[in-house]
Each structure stands twice: as C-alpha cells, then as structure tokens.
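Asker: What follows is a predicted structure for the sequence shown.
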Amino acid sequence: MKPAPFAYHDPTTIGDAVALLAQHESARPLAGGQSLVPMMNFRYATPDHLVDLNGIEALRGVEVGERLTFGAMTRQRDVEFSSEVAQACPILVEALRHVGHRQTRNRGTIGGSLCHLDPAAETPAMMMLHDAVLTAQSVSGARDLPMNEFALGFMTSALEPGELLTQISFEAWAPEHGWGFEEYARRHGDFAIASAGVLLTLDAKGAISRFAMVIGGLAPAPMRLTDFEAQAISATPDEDFIKAASDAASQVEAMDDAHVSAAYRQHLASVLSARALRRALVCARERSLHHV
Amino acid sequence: MSDTRKIAVTVNGKRHEAEVESRLLLVDFLRHTLDLTGTHVGCEHGVCGACTVMVDGHSARSCLMFAVQANGKSITTIEGLTQADGKLSILQEAFQNNHGLQCGFCTPGMLITLSEHLRDNPDPTEEDLREVLTGNLCRCTGYQAIVAAGLDAAQKMRDANAENA
C-alpha cells in the first residue's frame, strides 16, 4: 500500500502548472488528494509526474456577488464555513456537510471533486443544479464549459489532456428562493446511495415561478429533471405536484452494483425528492413572508 | 532513480529537516523518519482515521498527504497534545476517566479530531461529537465511551476557561 515512484512538481502559478501538464504525458494534477492519493496507494493510479496544485494561490478563493465564483483549489471547508456562501447559497453549505468527514473536507477541494466526478458526489450535483460554468485552462488558452457538458459520464469529465480546471461559477438565485437537499447513505460521510436537491421560487400567488431539481447517485453523472422542470413553471405546488416530482425522480435510469439494486436507488430518489421539495416549499413560503 | 526533496517541517513545535522521497507518505515520515510512532497507520486509504494529525491547525489524514507537501507546515501529532510538564491534556485525561479507549489503536486519531473540534466548538452536543467522529473508526468501544469522554472534556475545558477568565 505505497504509491509507485513519481516525479513531484510544485508550481506556484497556473501557467507553470499547465506547462508541466503539457510537457509530461503521464502527469496528474494533485488537488486535495482525498481520492487520488488512495488510488495511488492502491496503485490504481501510477502517474509518472505529479503536479501539486496546493501552492498556487491564484486557484484559491470564493467571491460572492450576483455570481458565486470559486477557485478550483478552494477547500471544501472554506466553502462550508463561509458566511457569505451560507447567505447566498445555503443549499451548497448543507450539501458539503455530507462530503466525507471533517478531516477530508479540510483538505478536499471543490475542483478536485468535480474532476473526480463520482456519480454520488454532492459537489457535482450542486454544480449541475446551479447550471455552473467551469473554466478549463491549458497552454493554448482557456475555455468555458457548462456543467452538463463537463460531466460526460461515469467519472469522466470533458477535460482534455493537458487541461486544468481553474474556476467554477454560477449565478446566485434570488434571495427569497426556497431550497431543499436530502441524501441517504448507510453511514454519515459515505457516498450517497441517492440524493435530491431542489431550488425554487414562488410568485405572488404561490405558484412556481422558477424550478430546478437534481438527482445524484442514480445515473453515471448527476441528472437534472429537465422535462419535469419545464412543466413545473406556473404549477400550483400541491400534493399532486409533489407526487409528480417524486414520480419523475423515480424514473431516472439507475445503476446497480453489488450493494444496491437500481430499483432501490429509484425508490430512494422518489422519497428523497419529495422530502427535498417539501422543504424547499416551506423555505420559500417562510422567506416570501419575510420579504413582503 | 528516485525523486527526492529537501523539506523542513515543524512537528510539535520542533523543526525537522530531512531529504525524503517524493512518494513518502506523511504518516511514514512521522513514524519512520522522525520515530514519532504515536500516529498509527490503519487502512492507508483515508477511511479509518487512525493516522489523523493536525496540519496548520486543521485535522487531516496523514496517509493521504505526501511528506513533501508538509514542507513549511506545522504538524501536531498525539505526542504534541500533552502539556509542557508532561501531564495529560484535559481531553486525554477524560479518555482515561471514561474508558474512552480499549485497544488504543484508534485513540491518536480520535484525540486529534476531538482536539480540533473542541477548540472550534467549546460547547458541543452529543450529536455534534457523533458526527465529527464519523471520520474515525473504533472497533472496540462502540463509541459510547469516546463520546462521553468528549462531552466530559468539553465541560472541564469550559470550567477551566471560566476559572481563568
């Protein structure tokens, strides 16, 4: 259980980091190391060159305004304990509390989790829910990718060889938005078997005016319920609406594995999405009362 | 041909300089290079928490960091938790009084995790402690006595602070 030998590089600028990635074919960027280092200890991953991003100041930091912008190397703990993020985007803080444990969130990063792209991971689900835009940089320049194009499939991102994820940003929802996040894992901190996240706003009559819903853990990458979201606009959020949402969630095609069947994942998605939606509605109604 | 680096790391307040192979895990550096064997190696893939140390004041798994990454950093291990006169810390004493350890393998990690948590949350609930301890596995105690020790230590630390105030 020791990693294979590699050459260690610790650049201090993004330019130097992408130059190293371009120069060495078998190079891996090292972010928080909470997934890559276990894979190296098991020798599932044996990069010849390791490009440690921890010394690159320009990759760190959170900006909260009309958009929330995260440097890719921002640690999960820094977002979890940011009062500005808690104010503008409380669902992200709640979801992050389910990511691993205190000790892993102290090291793990937002960008690292997005590049690792575990199907059940909370950060990719949150970025999918918020239609985040991800910036990838290489020696030939930078490009922006929407999250639904970044997540290509099972643990597979759209990053090309030599590209580095540098920044993630998304638009903040209106201050009166309602939100709900639910997940089920066998133990706190385990990857979720299924998760559901809901964001919504209500108009003056209490009908849905904006709606987004994501299901994690079922499909190879977190999945937005786009068809249902389109139907939800102007709907009255009654019991029938909650039932329709949970039915839509249960129809996401699900993976099975040695521990959990696809049908069980779909059952959880249905239950969790109804709970998340109820919480989001309560939250939006309370917040709209305070705004009147 | 091995890739090596010169590093300088402060461990429990003492500066150490060494030349290490890049692939050397921090926990192996602590145990084999510095002979600080209080930090334990359990699963070596970031699940069990036995190797938890503090890096610049925050708990981290030392099996998921390379020693080269600790260059310039300040590390606290279980050897650094005792008071200057060699007496046990309030938390360590609470573990002893509440039978918070049996075989003791997980204890170094438990103590580091709880030291950080009680520093940042002086008045934790039982639920808080159970949540923060999800990152540390214990196969002996059933956690009950560890949680009791954490709550006891928190109370004693608050009492000590009130006396000093």
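Answerer: On my side now, so go ahead.

Asker: For residue B:66, give me phi and psi.
Answerer: The phi/psi pair for residue B:66 (degrees, to the nearest 10) reads phi -90, psi 150.

Asker: For residue B:1, report the pLDDT, please.
Answerer: According to the prediction, residue B:1 has pLDDT 54.

Asker: My error: substitute residue A:290 in the last question.
Answerer: Residue-level confidence at residue A:290 comes out at 67, pLDDT.

Asker: Likewise for residue B:164?
Answerer: On the pLDDT scale, residue B:164 gets 86.

Asker: Run a quick neighbour tally on it.
Answerer: Using other Cβ atoms under 10 Å in any protein chain shown, residue B:164 has 6 other residues around it. Where you see a C-beta, it was placed from the backbone N, CA and C, and this is true even at glycine.

Asker: From residue B:158, how far off is it?
Answerer: Distance of residue B:164 to residue B:158, computed by Cβ to Cβ, to the nearest Å: 11 Å.

Asker: With residue A:275 instead?
Answerer: Taking Cβ to Cβ, one finds residue A:275 at 36 Å from residue B:158.

Asker: out of these two, which sits in the more crowded spot?
Answerer: The neighbour comparison of residue A:275 against residue B:158 (other Cβ under 10 Å) goes to residue A:275, with 17 against 13.

Asker: Doesn't the more buried one belong to a helix?
Answerer: Yes. Under DSSP: H, G, I helix; E, B strand; the rest coil, residue A:275 sits within a helix.

Asker: which residue sits closest to it, ignoring its sequence neighbours?
Answerer: Counting by Cβ to Cβ, 6 or more residues apart in numbering or on different chains, residue A:182 is the residue found nearest to residue A:275 once chain neighbours are left out, at 4.7 Å.

Asker: tell me how far the host helix or strand of that neighbour is from the chain's mean position?
Answerer: Here residue A:182, judged by DSSP states H and E, is contained in strand A:178-184. For strand A:178-184, the distance from its own C-alpha centre to the chain's C-alpha centre is 13 Å (Cα atoms, centre = their mean, to the nearest Å).

Asker: which neighbours does it have in its sheet, and in what orientation?
Answerer: Looking at strand A:178-184 with DSSP bridges, its partner strands are strand A:194-202 (antiparallel).

Asker: Starting from the partner strand, tell me the next helix or strand along the chain.
Answerer: Assigned by DSSP H and E, the successor of strand A:194-202 is strand A:208-216.

Asker: Can you classify residue 50 as helix, strand or coil?
Answerer: No chain specified, so I'll use chain A. Assigned by three-state DSSP, the conformation of residue A:50 is strand.

Asker: that's the wrong chain, I meant chain B
Answerer: Assigned by three-state DSSP, the conformation of residue B:50 is coil.

Asker: now it: how far from chain A?
Answerer: 11 Å (Cβ to the nearest Cβ, to the nearest Å).

Asker: Quick check: that residue vs residue B:113, distance?
Answerer: Distance from residue B:50 to residue B:113, by Cβ to Cβ: 11 Å.

Asker: what touches both of those two?
Answerer: Applying Cβ atoms under 8 Å, 6 or more residues apart in numbering or on different chains, one finds that residue B:50 and residue B:113 are jointly contacted by residue B:136.

Asker: Say whether chain B is contacted by stretch A:93-113.
Answerer: Yes. Counting by Cβ under 8 Å from any Cβ of the partner chain, chain B is contacted by stretch A:93-113 at A:100-104, A:106-107.

Asker: Give the rounded mean pLDDT of that stretch.
Answerer: 97.

Asker: Can you give me the end-to-end span of that stretch?
Answerer: End-to-end distance of stretch A:93-113: 15 Å, with Cα to Cα, to the nearest Å as the criterion.

Asker: Does residue A:61 touch residue A:71 like I think?
Answerer: Yes. Shown here, residue A:61 and residue A:71 form a contact pair, counting by Cβ atoms under 8 Å, at 4.7 Å.
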